[in-house]
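Participant: Next one to model:
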Amino acid sequence: MNRVRKAITGGEEGTTFVETLVALVILSTVALAFLSGLATITKAGAITDTQSTAESLALSQMEYVKQCTYQVNVTQYPVDPELTVPSEWEVLPASVQPVHVTDDGLQEITVSVQYHDRTVLSMKGYKANR
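Facilitator: Numbering: from 1, shown residues only. Sure thing, here's the model as predicted:
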């Protein structure tokens, strides 16, 4: 068995400084790749959370506007007073555009949600006079 070991290692025992450095470089590269992956996952999670909150707020506001009484020749509908808006978030009043030249009972509604004074999501929908 001793002869086999000497044949493989060339008669040397232990590891050299260069071998140790190569092992550390390889280990460092793997660790760096792993940590980069963790950073990317964390950032993606934050983006997903922001988008999810914005979509929830916009959908709630859109449903509120659709339940409001139809108003002819208006430019906006107010924000739902019962909507719970987290701090640093803002739901803007829904803007209104008639679909046709005259307001014949169909309006295009745009709801926008901002986070840190930056628009995160704008959602369009329609309101009909029924």
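Participant: how near is Ala128 to Pro93?
Facilitator: Ala128 sits 20 Å away from Pro93, taking C-beta to C-beta, to the nearest Å as the criterion. Where C-beta positions appear, they are placed from N, C-alpha and C, glycine not excepted.
Participant: list the contacts for Pro86?
Facilitator: Thr53 (C-beta atoms under 8 Å, 6 or more residues apart in numbering).
Participant: same check, this time on Leu59
Facilitator: Leu59 neighbours (C-beta under 8 Å, 6+ apart): Met123.
Participant: what's the answer for Ala58, then?
Facilitator: Val91, Val111, Ser112, Val113, Leu121, Ser122, Met123.
Participant: What are the boundaries of the helices in the chain?
Facilitator: Remark: helices assigned in the chain by DSSP state H are 2-9, 17-67.
Participant: Need these in CSV (columns: distance to Asp117 and mean pLDDT).
Facilitator: Formatted as CSV, these follow (distance: least, C-beta to C-beta, whole Å; pLDDT from 0 to 100):
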stretch, distance to Asp117, mean pLDDT
helix 2-9, 66, 63
helix 17-67, 14, 95
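Participant: Format those as a markdown table; extra columns: distance to Asp103.
Facilitator: Formatted as a markdown table, the helices of the chain follow (distance: least, C-beta to C-beta, whole Å):
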| stretch | distance to Asp103 |
| --- | --- |
| helix 2-9 | 88 |
| helix 17-67 | 15 |
